[in-house]
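Peer 1: Following is a predicted model, sequence given first.
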Amino acid sequence: MISKKLEEAINLQINRELFSEYYYLSMASYFSATGLSGFENFFIVQVAEERSHAMKMYRFLNERGGRVFLKEIEAPKTEFSSPLEVFELAYAHEKLVSGMINGIMDLAIQENDHAARRHFDWFVEEQVEEEATMETILNKLKLVKGEGHGLLMLDNELAQRVFTPPAK
Ligand code: MG
């Protein structure tokens, strides 16, 4: 049985993962409107990833005798000035999420909840990947100054991204 404290923390994190889904869908929509369909695809795949993160936590909480209580999802930003701005925000957002995951891990350690530790290990590693993904694209955008032929090449590259569901 999971503690009330961890149950609350995981519920809050489920909300943040669903917010991430919403935030990235908003970014996808911006790219759709600007005609950069590869960038749009990148964020649509990211949307699926965020949903899978929320569902992974949902299943864990239920398996451990906790309950999922859904709350209101904050409205995301809808206007962006450039692809560069979008990736600056996405990278900053993933760093924020890493901090939240670390907070849950701290709590799991305090409470000696080994099952939660093992479960959230996966998320700790996942966040390393998430930050690296956003940072890499941000750096490439900086290299091409967010425009021209370089931007279109990057758009072609991001059109290739496909969603691979995480194991379990
Ligand atoms: Mg996530």
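Peer 2: Done, it's in. Numbers count the residues shown, from 1 in each chain.

Peer 1: Give me the below-cutoff pLDDT ranges for the protein.
Peer 2: 168 (pLDDT under 70).

Peer 1: The ion contacts on that one?
Peer 2: 17, 50, 53 (Cβ under 5 Å from the ion). Backbone N, C-alpha and C define where each C-beta goes, glycine included.

Peer 1: contacting residues for the first one?
Peer 2: Translated: residue 17. 50-51, 53-54, 57 (Cβ atoms under 8 Å, 6 or more residues apart in numbering).

Peer 1: can you tell me which of the residues you listed lies nearest to the ion?
Peer 2: Of all the contacts of residue 17, the ion sits closest to residue 53, with 3.8 Å by Cβ to the ion.

Peer 1: what's the next secondary structure element after the helix or strand where that closest one lies?
Peer 2: Using DSSP states H and E, residue 53 maps to helix 37-63. On the C-terminal side of helix 37-63, the nearest following helix or strand under DSSP H and E is helix 83-110.

Peer 1: Whatever helix or strand comes next after that next one: which residues count as buried?
Peer 2: For helix 83-110, the succeeding helix or strand toward the C-terminus, using DSSP H and E, is helix 114-143. Residues of helix 114-143 classed as buried: 116-117, 119-120, 122-123, 126-127, 130-131, 133-134, 137-138, 140-141 (neighbour count, 16 or more other Cβ atoms under 10 Å).

Peer 1: For helix 114-143, name the packing helices and strands.
Peer 2: helix 37-63, helix 83-110, helix 148-158 (3 or more Cβ pairs under 8 Å, 6 or more residues apart in numbering; DSSP states H and E).

Peer 1: Show me what counts as buried in the first one.
Peer 2: Right, the one you point to is helix 37-63. Applying 16+ other Cβ under 10 Å to helix 37-63 flags 37-54, 56-58, 60-61 as buried.
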